[in-house]
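Q: With the sequence up front, the predicted model follows.
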Amino acid sequence: MIERPHLTTIIAIAVATIFVMLWMTGDRPNWRWFSSIGAAVGAVLLSMAIFDKWLWKIPLLQGWFVNRPVLEGDWTGEIRSQWLDPDTEQNPPPIPARISIRQSYSKIHLNLETDQSGGDFVTSTIVRKEDGTYRVVGTYRNEPRLEFRRESPVHLGTMWLDVIGDAKAPTELRGRYWTERQTVGEITALRRTSRITLVATITGDKL
């Protein structure tokens with residue numbers, strides 16, 4: 001979505017062009033005309049802000065006017081890792097996870113927390129693939145709590161999630177992640193009820 005400074009510049013150029021054309025034809029803009037333009041610019045900026053935050057989520061707009069999946073909400077689930085504990089040579093038990101997604105039309109932010117760590121996306125975006133489906137791509141920073149940092153230090157990772165199902169109410173997320181600790185994994189997310197629920201299966205290492 002075009003940002004406010006860019007939109008303001010475009011409108012300013014358009015207004016300046018109108019002024020030049022009026023001047024060349026001998027017309028003289030008056031102050032009433034100025035106020036009308038100011039009101040129009042304000043209405044456009046306000047409409048864009050309302051659309052960016054709320055209106056784009058209306059189901060009737062999905063598919064023809066809006067091409068963006070609605071992922072916002074609180075998600076719950078678990079993490080399953082294939083990381084092998086060097087002491088037991090076994091995988092750790094499933095880890096309950098709490099995931100929060102905040103979303104506007106122009107931005108999306110993901111946050112993941114477990115009892116041992118918290119992961120916050122430092123950058124993320126939604127891309128539309130050539131086949132018309134969507135993918136969430138981002139880089140996250142995982143910060144284990146202090147008592148777990150000796151065995152699991154702070155690290156960065158990259159993740160992508162394919163959105164499966166209707167964009168108005170996606171039913172599944174599938175993807176992978178890579179970390180700077182040279183670990184990889186897979187993520188599967190399911191929407192179980194009207195309150196978005198996430199089940200994550202991560203292979204390769206702890207978050």
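A: Perfect, I can see it now. Numbers count the residues shown, from 1 in each chain.
Q: tell me the contacts of the residue sitting nearest the centre point of the chain?
A: Compute the mean C-alpha point of the chain, and by Cα atoms, centre = their mean the closest residue is residue 108, 2.0 Å away. In this structure, residue 108 makes contact with 71, 101, 102, 124, 125, 126, 136, judged by Cβ atoms under 8 Å, 6 or more residues apart in numbering. All C-beta spots, glycine's among them, are computed from the backbone N, C-alpha and C.
Q: And what about the fourth one, helix, strand or coil?
A: Taking DSSP: H, G, I helix; E, B strand; the rest coil as the rule, one finds residue 124 in the strand state.
Q: From residue 157, how far off is it?
A: According to Cβ to Cβ, to the nearest Å, residue 124 stands 12 Å off from residue 157.
Q: Identify the contacts common to those two.
A: Here residue 124 and residue 157 share the contacting residues residue 139, scored by Cβ under 8 Å, 6+ apart.
Q: which residues in this structure form strands?
A: With DSSP state E as the definition, the chain shows strands at residue ranges 73-79, 95-103, 108-113, 117-128, 134-144, 155-164, 172-179, 184-190.
Q: sorry, back to before: kindly give a single PyMOL line that selects the buried subset of the contacts of residue 108.
A: In PyMOL, selecting the buried portion of the contacts of residue 108, with burial taken from 16 or more other Cβ atoms under 10 Å, looks like this:
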select buried, resi 71+101+124+126+136
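Q: out of the strands of the chain, nearest to residue 55?
A: The closest of the strands of the chain to residue 55 is strand 95-103. By Cβ to Cβ, the value is 13.4 Å.
Q: Could you list every helix and strand that that closest one packs against?
A: With contacts defined as 3 or more Cβ pairs under 8 Å, 6 or more residues apart in numbering; DSSP states H and E, the packing partners of strand 95-103 are strand 73-79, strand 108-113.
Q: I'd like those strands as TSV, with distance to residue 177 and mean pLDDT appended.
A: As requested, the helices and strands packed on strand 95-103 are exported to TSV (distance: least, Cβ to Cβ, whole Å; pLDDT from 0 to 100):
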stretch	distance to residue 177	mean pLDDT
strand 73-79	11	79
strand 108-113	11	89
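Q: Can you tell me which of those strands is nearest to residue 120?
A: Closest to residue 120 of the helices and strands packed on strand 95-103 is strand 108-113 (Cβ to Cβ; 5.3 Å).
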